[in-house]
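In: Sharing a model that was predicted from the sequence below.
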Amino acid sequence: MGFRTAFGIIAATLVLAMPARPVAQEHTHDDLLEAQFDSALGTQLGTERRAQAYRPVEGSPLARRVAELAGGARGRIGVAAVDLATGEAVSVLGDQRFPLASTSKIAVAATFLEGVEQGRWRLDQRFPLLLPKASKAFSTSVAPVYEGQSVTAASLIEQMISRSSNPATDALLRVVGGPRAVNAWVRRAGIREFSIDRDIATLVRDDGEFNPALHIDTRDSATPDAMVQLLAGIYQGKYVAPESRRVILGAMSRTVTGKRRIRAHIPAGARVLHKTGTLSGTASDIGFIETPDGHTLAIAIYVTGHGTKPARDAKIAAIARALYDGYGAMLPQQAPGRAYASATYGNGGTD
């Protein structure tokens, strides 16, 4: 059972605002908080508070507000969100395909880490970066690349998630067996509306073939519902082992791109773990907001159209804050100190 079936959906015609190039700026992290975070990821898995029932929130003030922010006539916006502690879900155009851009990198990391769990590779094993060679758009089916410096797999995962490095992503994508291998991992997880079709070098070189606000290209795309299913399964340890979970969520907690997206208006007391995506005419941000009162929200926001990148970023930031405020107002408050609680999410193909 997928996100749409398990929780219900509110669909609305949406349009968004404009884009913004991710701003690569270092975060400062308190060493004690980082240690506590890593410890929690390693010890709380399997002991989380679980929701007793799931409730769709169609017609709620939160659902109406998100639909309002995602509405318009100059593009498309897709939003999916779920409170992992309660199962309360919101979805606007959550069943439509949107360009994955670099949000696909979470699935690439998970596919590689499955191989680590199976003993095929190691995190300290070194692989060469794959750097793009100059070539004309659409001149070849796969953009040419050349090998650069060899770095550890652990560093490649960190670079491709926290800094959105394309050469690091293509390095691991080649190791696992290309897009088909990632899609096979996604299917084993029970996720259907998700597809990686090109390496990043080819995707970036050929970007701009279609206007994503007007044309739905199913290549290298996913639905917001499918992405939230993927996020929830990783957070809950359904799709990856505890150490793999720690690696992925740790890297997401150190993301330096997307300063003006999900985390832009989230209060300092909450923690944001996320991964951005940017291509021509589209901007996205996916991840988690861990609230001070013990909720974890899994969120996927995809925006197309409306001309400027700053406006798309602003739309993502506004929707993320509306979700944060709306869930806080709608749901019972939990005891402090339970920021890692999570509910069983859907079937995911692993139950």
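Out: On my side now, so go ahead. Residues are numbered from 1 along each chain as shown.

In: excluding its backbone neighbours, what's nearest Q125?
Out: A153 (5.4 Å; CB to CB, 6 or more residues apart in numbering). For glycine as for every other residue, the C-beta is placed from the backbone atoms N, C-alpha and C.

In: Please enumerate the helices of the protein.
Out: 3-7, 31-43, 61-70, 105-117, 153-162, 166-176, 179-188, 200-205, 224-235, 242-253, 309-330 (DSSP state H).

In: just these: most buried one?
Out: helix 224-235 (a mean of 28; mean count of other CB atoms under 10 Å).

In: so how far is that one off the chain centroid?
Out: Distance, stretch centre to chain centre, for helix 224-235: 8 Å (CA atoms, centre = their mean, to the nearest Å).

In: tell me the angle of that helix relative to helix 242-253?
Out: For helix 224-235 against helix 242-253, the angle by axes from the mean of the first three to the mean of the last three CA atoms, to 10 degrees is 120 degrees.

In: CA atoms only: put helix 224-235 into PDB for me.
Out: Below are the C-alpha coordinates for helix 224-235, written out as PDB (Å, rounded to 0.1, in the frame of the first residue of the first chain):
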ATOM      1  CA  PRO A 224       6.200  13.600  -3.900                       C
ATOM      2  CA  ASP A 225       4.300  10.700  -2.300                       C
ATOM      3  CA  ALA A 226       6.900   8.200  -3.500                       C
ATOM      4  CA  MET A 227       9.700  10.400  -2.200                       C
ATOM      5  CA  VAL A 228       8.100  10.700   1.200                       C
ATOM      6  CA  GLN A 229       7.700   6.900   1.300                       C
ATOM      7  CA  LEU A 230      11.400   6.600   0.500                       C
ATOM      8  CA  LEU A 231      12.300   9.100   3.200                       C
ATOM      9  CA  ALA A 232      10.100   7.500   5.900                       C
ATOM     10  CA  GLY A 233      11.400   4.000   5.100                       C
ATOM     11  CA  ILE A 234      15.000   5.200   5.500                       C
ATOM     12  CA  TYR A 235      14.300   7.100   8.700                       C
END
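
In: tell me which strands and helices that helix is in contact with?
Out: Packed against helix 224-235, as judged by 3 or more CB pairs under 8 Å, 6 or more residues apart in numbering; DSSP states H and E, are the following elements: helix 3-7, strand 77-83, helix 105-117, strand 194-195, helix 242-253, strand 282-290, strand 296-304.

In: Export the ones you listed as TSV, with columns for distance to G178.
Out: Putting the helices and strands packed on helix 224-235 into TSV (distance: least, CB to CB, whole Å) gives the following:
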stretch	distance to G178
helix 3-7	27
strand 77-83	26
helix 105-117	10
strand 194-195	13
helix 242-253	20
strand 282-290	22
strand 296-304	24
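
In: now the helices of the chain as CSV including distance to H274 and mean pLDDT?
Out: Formatted as CSV, the helices of the chain follow (distance: least, CB to CB, whole Å; pLDDT from 0 to 100):
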stretch, distance to H274, mean pLDDT
helix 3-7, 19, 38
helix 31-43, 14, 40
helix 61-70, 18, 90
helix 105-117, 10, 98
helix 153-162, 9, 98
helix 166-176, 16, 98
helix 179-188, 19, 98
helix 200-205, 18, 98
helix 224-235, 10, 97
helix 242-253, 6, 98
helix 309-330, 9, 92
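
In: want to throw those into CSV with distance to K259?
Out: Converted to CSV, the helices of the chain look like this (distance: least, CB to CB, whole Å):
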stretch, distance to K259
helix 3-7, 28
helix 31-43, 19
helix 61-70, 20
helix 105-117, 18
helix 153-162, 13
helix 166-176, 19
helix 179-188, 28
helix 200-205, 21
helix 224-235, 20
helix 242-253, 15
helix 309-330, 9
